[in-house]
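Chemist: Predicted structure and sequence below. I'll ask about it afterward.
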Amino acid sequence: MSSRIGILLSHQQPLQVAWIICDDQGNSIPLDAPPPPHPSDRGSDDWTPYNDRVKFEVADFLYRRNQMSAGNINFVFNLWAASLAAHGDTPPFTNHTDMYDTINSTPLGGVPWQSFSSQYNPQLLVHNIISNLDFKDEFDYAPVQEYSVSDGAHQFHDFMSGNWCWKQADLIVQDPDTIGSIRQSVATGHNQYWPVYMSIGNIHNNVWRAHHNNVILLGFLAIPKTDNEATKDAHFQKFCCQLLHSSLAKMLETLKPGMTKPKVVCCPDGHFRRAVYGLGPYIADYPEQALLACIVQNWCPKCTTPTDNLYEGTYGRRSRDHTEVLVEEFELGVLWDEYGLVGDIVLIKGAFKDHLVKWVHDYIEAQYTEANVNRILDDIDRHITLAPVFAGLRQFPEGRGFKQWTGDDSKALMKVYIPAIKGHVPTEMVQALRALLDFIYIAHRNIISSSSLDTMDDTLKHFHRYRKIFQTSSVQPKGFNLPRQHSLIYYHKLIRAFGAPNGLCSSIAESKHIKAVKEPWRRYFEALGQMLLTNQRLDKLAASCVDFFDRGMLQGMCLSYILNKLDQDEPFGRYHHATDDAEGNADEDEGNTNAEPDANAVDGPMVLAHVDLAKTAELIADQIGQPNFTTLIQHFLHDQCHSDSSSFDSSRSALPEIYKKITLYTSAVATFFAPSDLSGIGGMHYEHIHAVDTWRNGPGHYDCVFVSTDLSADGMHGLDIARHDGVMYPCALVQWFKCVADSPDEITGMWVVELELLEDGAHCVSVIHLDSIFRAAHLIPVFGGDFVPTNLTYSQTLDTFCTYYVNNFIDHHAYEIAF
């Protein structure tokens, strides 16, 4: 789950009310008044409590980035002191205790832990998040409603664009003493201590996607333990639920006074505003929803639909008042059996892996003999294995059996599963999988319009229609009483109420969970007390980073900063390190397990896309294996020099001569706006496009790309597919593919392409400008019903098959452009 907070103002108020500012006492001030000085505004050279930048960066590196043990920290400082002894100097810190004490003395970001259980003061945590300068351009102070300029469709984006915020604002504005509402929910997860996380809803989704210090550890809840027999006792289970709710109420009680009377808070833009807290919606997986709603496994936490009738529709909504009436009127056994209230929780992993994939497996086992079952499943595994290499896609060179899949495996295999099974199972099963993936990818969009919601409803109807094949084939004879699938019917309403769910997923809590719980847990024997101190120090270091950066004190590398202060020039290349380069190098990364990933988030301004050449590998002065390469280059240069000319002279004499050497690049970096994938705060994502003979001590790696050929057309009608033969400055030599039909394949929803050949059977190749390359493309073979050879490898895939699917499920950005 992840938490959200929003400052809400009624839409019935004048627009400027949303921007009412005040002083630190809550008195209104003019809207054009400058923000007061920030408490940390001590100038551009005050590193308190650190003496200088070196001391801060050493502490930040050793404690937060490297997570070095105390013993190793002492060893490093001892070596450091030995190297400086001859110069009469000392290292930044004497030992680990000196460094820890310095971090602890940081005046920013510290919130003391309190008892009842171990917890922070949530009100102070909320204030720290709201005042974070990192969020000043990614923060909503009031509800918003967005509409498409092209068709006027209502668009749902960040949390404050949802209808729920507007309704809350209407309620709040009825009290003349209140001007806003702050709302929060929690994120949890651990098997011995139950950590509770908190954040705010005003922050934009792109910040959530970037996991940018917007989730904070609130506290730890104890998990009641007993023997196996007592675990099944209904009274013990009821006690567990009551303990959870009572504990959460206790932990959040300091927020209660601020739910009726406004509190003055400092906002990211530096201004003070009045705000009222309010507990809001949360995102959780099914087990946590069941626990928080006090329902029995396999019941719906949102409605009262009986557990044996989940696929028939919806009943009334669950509510607190309804639950309290039932508890007063009925015995525990009746509540359990007839209303699904209070019970044990069993993990349900997911609609894709544990439902559809398992059903496909069960179908194959039911329809064929054991020998044929193994042959078909092995062939499906080979199909998965033959998926070409792609940035961010996990490879399975040995194949993976279904029962061995982990959660990460499922995410990767989901992207290539549909082409892998087509030809081995009925068409309706493939269409059911496609409909479910379409639903997932639409729901994951950064901005969801009312028309997108209608499309999502249609895909859900298709899924419900096509999944019947699993019932008629006796794979799922009793129907589909599955809460996970039943919950899909509520996505439309929830998106309208709370905005696009993009950015709100378990990875938010998991990302924080790794830093806040898992890593400290591995480092310490008595972990709980150390986890509290570790998280307090991490909060202080994070607050210092934000403060120093905002004051312009962390620009460039530390060495450049020091040499500049000393008025000295940096010796070129002497202190250069490969990881300083944003691009990396394909050849240098071979065999390096710590090499930069081929795809990742990137900070920077929001643009549609651009492609930059990566580092130089070597210089060449002659041809690179293409007989007509020189002519192709000449045609390219002629096109560039005469782009405005309506006539084209193809005679040899009209083509420019090439006198200079050509610089060969083995990769390029495509950077594009992909807010639904792993991205930075600006929504930007990068990936490497390779064209190398050998990659990571293995076979060659020649990627396919989307080439923009018609800016006026949408989707694949304005894009072509090409494959790199080599990347040249500032152009690329490519082999062309062509679409087999004028529309996508009806069953898979993917476009089908084949290599474009000349009349003599040679590949159609040309040189294109790098600017026409949009991003990398992933092709996966159309396997058909034939079994593939067992000796085929993924490096041969793009040279072996006749036709290929343009895989629009490879990531969310590809799904948006390859339609």
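Modeler: Everything's here; your move.
Chemist: which stretches of the stretch 551-700 of the chain have low pLDDT?
Modeler: Along the stretch 551-700 of the chain, the parts satisfying pLDDT under 70 run over 568-630, 633, 637, 640-664, 681.
Chemist: 50 - rerun?
Modeler: For the stretch 551-700 of the chain, the stretches flagged by pLDDT under 50 are 572-596, 615-624.
Chemist: Same question for the stretch 701-819 of the chain.
Modeler: For the stretch 701-819 of the chain (pLDDT under 50), the answer is 727-729.
Chemist: where do the strands sit along it?
Modeler: 701-702, 704-708, 719-728, 731-739, 751-755, 765-769, 773-777, 779-781, 803-806 (DSSP state E, counting those that start in this stretch).
Chemist: So for residue 171, which of these sits nearest?
Modeler: Minimum separation from residue 171 across the strands of the stretch 701-819 of the chain (C-beta to C-beta) falls at strand 773-777, 45.3 Å. Yep, even glycine has a C-beta here, placed from its N, CA and C like the rest.
Chemist: Output that closest one as CSV, nothing but the C-alphas.
Modeler: What follows is strand 773-777, C-alpha atoms only, in CSV (Å, rounded to 0.1, in the frame of the first residue of the first chain):
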residue,chain,number,x,y,z
ILE,A,773,14.8,6.7,-34.6
PHE,A,774,12.2,6.9,-31.8
ARG,A,775,13.3,4.1,-29.5
ALA,A,776,14.1,0.4,-29.5
ALA,A,777,11.5,-2.2,-30.6
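Chemist: which helices and strands does it pack with?
Modeler: Strand 773-777 is packed against strand 609-613, strand 667-673, strand 684-692, strand 704-708, helix 812-817, with contacts defined by 3 or more C-beta pairs under 8 Å, 6 or more residues apart in numbering; DSSP states H and E.
Chemist: Give the next helix or strand downstream of the helix or strand containing residue 101.
Modeler: Using DSSP states H and E, residue 101 sits in helix 96-104. The helix or strand immediately downstream of helix 96-104 is helix 122-130, counting by DSSP H and E.
Chemist: Could you list the buried residues of that next one?
Modeler: Neighbour counts over helix 122-130 (16 or more other C-beta atoms under 10 Å) mark 122, 123, 125, 126, 127, 128, 129, 130 as buried.
Chemist: Looks like residue 215 contacts residue 199 (just checking).
Modeler: Yes. Residue 215 lies in contact with residue 199 (C-beta atoms under 8 Å); the separation is 4.7 Å.
Chemist: How about residues contacting the helix holding residue 101?
Modeler: With C-beta atoms under 8 Å, 6 or more residues apart in numbering as the test, helix 96-104 has contacts from 49-50, 55, 58-59, 62-63, 70-71, 73-74, 77, 92-93, 536-537, 540-541.
Chemist: change it to 6 Å
Modeler: Residues outside helix 96-104 that contact it (C-beta atoms under 6 Å, 6 or more residues apart in numbering): 49, 59, 70, 73, 74, 93, 537, 540.
Chemist: same deal with stretch 432-446?
Modeler: Stretch 432-446 is contacted from outside by 356, 418, 452, 456, 459-460, 462-463, 466-467, 491, 502, 675-676, 748-749, 809, 812, 815, using C-beta under 6 Å, 6+ apart.
Chemist: so for the one helix or strand residue 464 maps to, what's the average pLDDT?
Modeler: Using DSSP H and E, the element containing residue 464 is helix 450-466. Helix 450-466 carries an average pLDDT of 93.
Chemist: Show me what it is packed against.
Modeler: helix 427-443 (3 or more C-beta pairs under 6 Å, 6 or more residues apart in numbering; DSSP states H and E).
Chemist: Now do the helix it packs on against helix 450-466, angle only.
Modeler: Orientation of helix 427-443 against helix 450-466 (axes from the mean of the first three to the mean of the last three C-alpha atoms, to 10 degrees) gives an angle of 160 degrees.
Chemist: Please identify the buried residues of stretch 364-378?
Modeler: Using 16+ other C-beta under 10 Å as the burial criterion, the residues of stretch 364-378 that qualify are 364, 365, 367, 376, 377.
Chemist: Just send those back as TSV, with distance to residue 795 and pLDDT too.
Modeler: Formatted as TSV, those follow (distance: C-beta to C-beta, whole Å; pLDDT from 0 to 100):
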residue	distance to residue 795	pLDDT
364	28	93
365	32	91
367	33	92
376	25	92
377	23	89
